[in-house]
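J.: Okay, sequence plus prediction incoming.
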Number of protein chains: 2
Amino acid sequence: MNNFNKISVAGEARTELHDLLNLTGAEVSVNALPAGASVPFVHSHKENEEIYAVLEGEGYAEIDGENVALKAGDWLRVSASARRRFFASTEKALKYICIQVKANSLGGYTMSDAIV
Amino acid sequence: MNNFNKISVAGEARTELHDLLNLTGAEVSVNALPAGASVPFVHSHKENEEIYAVLEGEGYAEIDGENVALKAGDWLRVSASARRRFFASTEKALKYICIQVKANSLGGYTMSDAIV
């Protein structure tokens, strides 16, 4: 495997990076939900923690029945077992990334994992 | 632990999300390097794969001595052992996120980890 991979993501509705970047510790998707649209199914996960970042627009997540407002700059951690669904606002598209990682998989990080 | 945590990240130079969001499978930092600035040390990692996304601006990464141009929309995987350093361009700040995950930690993902 190369020491790095790079791709450019433009305005696609959804781009999944795992295979494009040869990721081994995460799946990352880059998503654009048009205004008024939603991801049509509620889901939870067996093992994976999800981390969402809102890049542009606004909308909300429904998490275990609770509505959580989302706007650009927001970051959200969702536990594996939580049942979730995402909605763009009626006025603005919701552009967001979703990072899937195995819960409790991280060991050291930043200075405790770095070699400087 | 709650089923979710949410925070909002504005224009700070660096925000580390692990403790703010109670992450267990990743560390994520949101970074802004001013025009002409760089991260002043070359580093590699013991165990962690890093995934970088450029949110705004442009610059480049130096990875094992190779210069890799970076612009908004680019995504980059860097192997743990690769020696890396990041530079903003002289004209524009480089806003980027860095996701640290343990290499080879991901099991199933998306449909193979989902409960719908």
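T.: Right, received. Where do you want to start?

J.: CA only for contacts and neighbour counts going forward, please
T.: Will do.

J.: Report the next helix or strand after the helix or strand hosting A:I7 in sequence order.
T.: Assigning secondary structure by DSSP states H and E places A:I7 in strand A:4-8. Note on strand A:4-8: by DSSP H and E, the next helix or strand toward the C-terminus is strand A:14-16.

J.: who are the neighbours of the very next helix or strand once past that next one, in terms of helices and strands?
T.: Next along the chain after strand A:14-16, taking DSSP H and E as the criterion, comes helix A:18-21. Counting contacts by 3 or more C-alpha pairs under 8 Å, 6 or more residues apart in numbering or on different chains; DSSP states H and E, helix A:18-21 is packed against strand A:4-8.

J.: Run the chain-centre distance for the strand it packs on.
T.: The chain centroid and the centroid of strand A:4-8 are separated by 18 Å, computed with C-alpha atoms, centre = their mean, to the nearest Å.

J.: buried ones in that strand?
T.: A:4-6 (16 or more other C-alpha atoms under 10 Å in any protein chain shown).

J.: which regions of chain A lie under the pLDDT threshold?
T.: Along chain A, the parts satisfying pLDDT under 70 run over A:1.

J.: let's see it at 50
T.: Within chain A, no stretch has pLDDT under 50.

J.: For it, which segments count as strands?
T.: A:4-8, A:14-16, A:27-33, A:44-45, A:48-56, A:58-63, A:66-71, A:74-78, A:84-88, A:94-102, A:114-115 (DSSP state E).

J.: would you turn the buried residues of strand A:4-8 into JSON lines with distance to B:R83?
T.: Putting the buried residues of strand A:4-8 into JSON lines (distance: C-alpha to C-alpha, whole Å) gives the following:
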{"residue": "A:F4", "distance to B:R83": "10"}
{"residue": "A:N5", "distance to B:R83": "14"}
{"residue": "A:K6", "distance to B:R83": "16"}
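
J.: re earlier: can you list contacts of the strand holding A:I7?
T.: A:20-22, B:63, B:73-79, B:82 (C-alpha atoms under 8 Å, 6 or more residues apart in numbering or on different chains).
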